[in-house]
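Q: Sequence and predicted structure below; questions after.
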Amino acid sequence: MKIIVFGARGDVGSRVVTEALARGHKVTAVVRSEAQVDALPPLVTACVSDISNPDPSRPDRSGNTKLADVIAGHDLVISAVRPPDGQEDLLVALTRAVLGAAAEAGVRVLLVGGAASLMLPDHSGYTVLTAPDFLPEAVVPIARACQAQYEVCLTEAQADWSYLSPPAMLTPGARTGRYRLGSDVLLCDAQGKAAISMEDFAVALLDEAETPRHKRVRFTVAA
């Protein structure tokens with residue numbers, strides 16, 4: 001499979017690239033600048049593209065090929081983009097750009113989303129974002145951006161998308177190859193912990209890539 005990964009140098013994106021390469025897929029790794037290319041694995045095809053361009057039908061500000069043409073010829077898009085701290089609101093525009101370009105190119109999209117919109121399992125009616133004192137204040141801006149990102153997906157009628165929400169804790173760790181699947185409710189273990197390693201999150205994402213089971217819906221995973 002030919003997979004193009006946006007956000008390929010990020011915490012999650014880099015692990016997605018590693019997992020995809022280990023499974024024998026051909027990977028195009030998209031980064032924001034030439035300075036990031038040297039840090040990519042040698043087996044990927046590197047691509048520098050400005051996906052913050054608000055109009056995916058036109059070339060970006062650097063004169064690069066339009067985003068839909070970058071995506072064309074691939075079997076799958078995986079978007080693991082995350083804006084810098086303080087610019088969380090950019091996530092909606094970045095997501096719209098990827099969805100629009102993928103729709104134009106006719107390529108399926110897997111989006112790395114957030115946990116914000118997941119319902120708590122206590123039947124309180126709260127979500128991860130709306131529950132009082134559930135989130136540390138420092139992560140509220142990106143949680144709000146992820147909520148808005150998910151709402152963009154729900155209104156998207158052209159792109160063939162799937163949205164993967166991580167649990168409350170997504171951290172570097174071991175690749176076990178094991179995880180639990182869910183839909184709209186935060187998955188917690190017997191101790192109330194909702195977590196998965198970034199490595200196993202990448203496993204779940206590539207499993208969905210290879211065997212699609214979630215079309216135009218959100219799903220979630222946890223250890």
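A: That came through, no problem.
Q: my read is residue 78 is in a helix, agree?
A: No. Using DSSP: H, G, I helix; E, B strand; the rest coil, the secondary structure at residue 78 is strand, not a helix.
Q: I'd like the distance from it to residue 194, if you could.
A: Going from residue 78 to residue 194 by CB to CB, to the nearest Å gives 23 Å. Backbone N, C-alpha and C define where each C-beta goes, glycine included.
Q: Where does pLDDT dip in the protein?
A: Within the chain, the stretches with pLDDT under 70 are 53-65.
Q: Can you name the residues that contact residue 222?
A: If you count contacts by CB atoms under 8 Å, 6 or more residues apart in numbering, residue 222 has them with 167, 179, 180, 182, 186, 187, 188, 189, 194, 195, 196.
Q: Contact partners for the closest residue to it other than its chain neighbours?
A: In space, and not counting its chain neighbours, residue 222 is closest to residue 187: 3.6 Å by CB to CB, 6 or more residues apart in numbering. By CB under 8 Å, 6+ apart, the residues touching residue 187 are 121, 167, 180, 194, 220, 221, 222.
Q: picking up where we left off before, in helices only, show me the contacts of residue 222.
A: Judged by DSSP state H, helices contain none of those.
Q: Tabulate these (TSV), appending distance to residue 38.
A: Formatted as TSV, the contacts of residue 222 follow (distance: CB to CB, whole Å):
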residue	distance to residue 38
167	33
179	32
180	37
182	38
186	38
187	38
188	41
189	40
194	36
195	32
196	30
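Q: Provide a list of residues in contact with the most centrally placed residue in the chain.
A: Closest residue to the average C-alpha location of the chain: residue 112 at 1.7 Å, with CA atoms, centre = their mean. Taking CB under 8 Å, 6+ apart, we find residue 112 in contact with 7, 12, 13, 16, 78, 79, 80, 81, 164, 166, 205.
Q: List just the nearest of the residues you listed to residue 134.
A: Within these, proximity to residue 134 (CB to CB) peaks at residue 166, which comes in at 15.0 Å.
Q: And the closest one, how far from residue 81?
A: Distance of residue 166 to residue 81, given as CB to CB: 15 Å.
Q: Kindly report the same for residue 172.
A: For residue 172 relative to residue 81 (CB to CB), the value is 19 Å.
Q: The two - which one has more neighbours?
A: Between residue 172 and residue 81, residue 81 has the larger neighbour count (other CB atoms under 10 Å), namely 24 against 10.
Q: The more buried one - that's part of a helix, no?
A: No. Read with three-state DSSP, residue 81 is coil and lies in no helix.
Q: my guess is it contacts residue 88, does it?
A: No. In this structure residue 81 lies outside contact range of residue 88 using CB atoms under 8 Å: 11.8 Å.
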